[in-house]
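Undergrad: Provided below are the primary sequence and the corresponding predicted coordinates.
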Amino acid sequence: MNSKASKLPATDINASGFIGVFDSGIGGLSVLQALRAEMPQERFVYWADSGYAPYGERSDAFVIERSHFITQELLSQGPVKAIVVACNTATAVAIEALRARYPQLPFIGVEPALKPALAQTQTLRVGVMGTHGTLRSQRFEKLRQSVLTDGAPKSCEFVMQACKGLALAIEQQTEKAIDDTQALTALCAHHVQSMGTFGTASGQIDTLVLGCTHYVFVQDILRKLVGPNVNIISTGDAVAKQAQRLMAKSFGSMPVKDSQGNVQLWTTGSLHALHAAASRWLDLSADHCHQVITSSTVSAVSTSTRTSD
């Protein structure tokens, strides 16, 4: 698998370094949003690998290769303080390989918030929405088993739903000029209904974990589907607080200053989609958005390695 050829946008990253953030697409912008709120003084470079999305429907080898490639590209831009893997699938599949190859570089991953969900559930039935890649991974299974054996009631149950097509649908919706959510609503409804009945009565699912960073952007739709009394839990804020603690420990506290201009957004996919997402969710202008040009060879690899599930 070859991911050599790329032309990166010019950067204005200075010697003080930056925090790299990457995801298979625009979903990780929900994590970046939390990171910027927690650390407005930091500089960020966000890589949306939309040209190769969704990771959740790719092979493990493909996700690991892309994660290594993106890390190398970020490192080529100057001092990197840390890299946030703002993708549940990449965290589940690739973060240990990244830590092994770059032991000097802190990596912060995102994982489905199973433990916080157990702290909130009253019915002891927790729904978990994620990609196939996340939910079938050894890392997720270890997390699930660890949570269940760490003092959880024996009757506690995680109801997993692999949401095929949802992350891609969210990516594609971003490019549309008209905010028509009918197709997204239908897809969300399918996955929610497949999990069972939501509510606060005995036997019902009263807590829903969003196990993919993309899903935060359909949280309003999910709220209407599961009802007002169901807990919906994502991971962005927790990841941002973890990153802030790491930065304070490694580099000391820094004064808060105006964050304008301290973030760059790169994409291997549609620049228009990145513009739309940046404006809609981060209130950032098109000046912050750039496209990474990759070779046709890499694109061909992307197409040929798509899995069939």
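TA: Ah, there it is. Keep in mind the model is a prediction, meaning the values are calculated, not measured.

Undergrad: those helices in this protein, which residues are they?
TA: 29-38, 60-75, 88-101, 114-120, 132-135, 138-149, 166-175, 182-195, 219-226, 236-251, 271-277, 296-304 (DSSP state H).

Undergrad: any idea of the mean pLDDT in the last one?
TA: I take that to be helix 296-304. What helix 296-304 shows for mean pLDDT is 34.

Undergrad: looking at the helices of the chain, which is closest to residue 290?
TA: For the helices of the chain, proximity to residue 290 was assessed by CB to CB; helix 271-277 is nearest, at 7.7 Å. Using the backbone N, CA and C atoms, a C-beta is placed for each residue, glycine as well.

Undergrad: in the closest one, what counts as buried?
TA: 271, 273, 274, 275, 276, 277 (16 or more other CB atoms under 10 Å).

Undergrad: Hmm, residue 289 and the fourth one touching each other?
TA: Yes: judged on CB atoms under 8 Å, residue 275 makes contact with residue 289 at a distance of 5.3 Å.

Undergrad: that older thread, output the helices of the chain in a markdown table; the columns should cover distance to residue 207.
TA: Below are the helices of the chain laid out as a markdown table (distance: least, CB to CB, whole Å):
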| stretch | distance to residue 207 |
| --- | --- |
| helix 29-38 | 19 |
| helix 60-75 | 28 |
| helix 88-101 | 17 |
| helix 114-120 | 5 |
| helix 132-135 | 17 |
| helix 138-149 | 13 |
| helix 166-175 | 19 |
| helix 182-195 | 12 |
| helix 219-226 | 10 |
| helix 236-251 | 15 |
| helix 271-277 | 28 |
| helix 296-304 | 36 |
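
Undergrad: related to what we said a few turns ago, pipe the buried residues of helix 271-277 into TSV and attach pLDDT per row.
TA: Shown next, in TSV, are the buried residues of helix 271-277 (pLDDT from 0 to 100):
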residue	pLDDT
271	92
273	90
274	93
275	92
276	90
277	91
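
Undergrad: JSON lines for those, including distance to residue 240?
TA: As requested, those are exported to JSON lines (distance: CB to CB, whole Å):
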{"residue": "271", "distance to residue 240": "26"}
{"residue": "273", "distance to residue 240": "24"}
{"residue": "274", "distance to residue 240": "21"}
{"residue": "275", "distance to residue 240": "24"}
{"residue": "276", "distance to residue 240": "23"}
{"residue": "277", "distance to residue 240": "18"}
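
Undergrad: Closest to residue 170 out of these?
TA: Taking CB to CB as the measure, residue 170 lies nearest residue 277 of the buried residues of helix 271-277, at 9.6 Å.
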